[in-house]
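In: The sequence isn't on hand, but the structure is:
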């Protein structure tokens, strides 16, 4: 099978101007991925499925990744003139920049017909808030349907063009998305019928206080009360 770099080059020749990059995997398997901008992801997916050399006719896995916003410190070396007139000094200069957060969807593709794979496809949202949207690849590979719903449910990625986008693990009234790295779990666990362990400890904070105990009357008070 062609390498990720070879597939990228053919895709760029087929779709000039498309944003397609190889994401290296340093692990032993070296399963490098193709990261494709959302504007071309559907066309690229159809090409990967229909190209006679690749024929990637099966999507076996769809998963999500949360990339929160983070601060990056970059160090560069700059030349600073010597006030005494000597040779310039080389000093390190640190600059900070904020890398915006995003959500990523990863697809593992195989060819049943040609018995090869995987080819790994990745697409990212513009951010994690009001632009957490990418095109659905369910129209290309039907096996994406339930798995994209899972990514929608747990990460909050909205898939445009999905035929039935709704929660698949959590209930409709559930708030937030449990697989995001900044997700804060509730501590009342109202849906837990038999809380125990650490869940019970958290839940007790929300339990109503026990009724105040009524003191039993003393023997003297009982005697005085008799006619």
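Out: In hand now; what should we look at? Not measured: the values here are computed from a predicted model.
In: Give the buried residues for stretch 161-174.
Out: 162, 165, 168 (16 or more other C-beta atoms under 10 Å). (Glycine included, C-beta is placed from N, CA and C.)
In: where does the first one fall, phi/psi-wise?
Out: Okay, so that is residue 162. phi -70, psi 140 (degrees, to the nearest 10).
In: That one reaches residue 150, doesn't it?
Out: No. Using C-beta atoms under 8 Å, residue 162 is not in contact with residue 150; the gap is 11.8 Å.
In: Excluding chain neighbours, what is closest to residue 203?
Out: Nearest non-adjacent residue to residue 203, counting by C-beta to C-beta, 6 or more residues apart in numbering: residue 195, 4.5 Å away.
In: where does that neighbour land in three-state SS?
Out: coil (DSSP: H, G, I helix; E, B strand; the rest coil).
In: Quick check, pLDDT for it.
Out: With respect to pLDDT, residue 195 has a value of 71.
In: Any idea how many residues pack against it?
Out: Residue 195: 17 surrounding residues under other C-beta atoms under 10 Å.
In: Likewise for residue 53?
Out: 11.
In: Next up, the contacts around residue 165.
Out: For residue 165, the contacting residues are 136, 148-149, 152, 158-159, by C-beta atoms under 8 Å, 6 or more residues apart in numbering.
In: Look up how far residue 179 lies from it.
Out: 17 Å (C-beta to C-beta, to the nearest Å).
In: okay, and the helix or strand of this protein with the least pLDDT?
Out: Across the helices and strands of the chain, mean pLDDT, DSSP states H and E gives its lowest value to helix 219-224, namely a mean of 57.
In: can you pull up the bridge partners for residue 64?
Out: residue 105 (DSSP bridges).
In: Residue 148: what secondary structure?
Out: Of the three states, residue 148 takes helix according to three-state DSSP.
In: Now do the strands in the chain.
Out: 20-23, 33-36, 58-67, 70-80, 89-99, 102-111, 116-124, 133-135, 158-160 (DSSP state E).
In: Could you export these as a markdown table, including mean pLDDT?
Out: Below are the strands of the chain laid out as a markdown table (pLDDT from 0 to 100):
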| stretch | mean pLDDT |
| --- | --- |
| strand 20-23 | 97 |
| strand 33-36 | 98 |
| strand 58-67 | 97 |
| strand 70-80 | 88 |
| strand 89-99 | 87 |
| strand 102-111 | 98 |
| strand 116-124 | 97 |
| strand 133-135 | 98 |
| strand 158-160 | 98 |
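In: Of these, which is nearest residue 204?
Out: strand 58-67 (31.1 Å; C-beta to C-beta).
In: For the closest one, buried residues please.
Out: Buried-residue list, strand 58-67, by 16+ other C-beta under 10 Å: 58-59, 62, 64, 66.
In: And that strand, what does it pack against?
Out: strand 102-111, strand 116-124, helix 144-155 (3 or more C-beta pairs under 8 Å, 6 or more residues apart in numbering; DSSP states H and E).
In: Reformat these as JSON lines; add distance to residue 201 and mean neighbour count.
Out: Converted to JSON lines, those look like this (distance: least, C-beta to C-beta, whole Å; neighbours: other C-beta atoms under 10 Å):
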{"stretch": "strand 102-111", "distance to residue 201": "32", "mean neighbour count": "22"}
{"stretch": "strand 116-124", "distance to residue 201": "39", "mean neighbour count": "19"}
{"stretch": "helix 144-155", "distance to residue 201": "26", "mean neighbour count": "21"}
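In: got TSV for these, with distance to residue 70 too?
Out: What follows is those, written out as TSV (distance: least, C-beta to C-beta, whole Å):
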stretch	distance to residue 70
strand 102-111	11
strand 116-124	15
helix 144-155	17
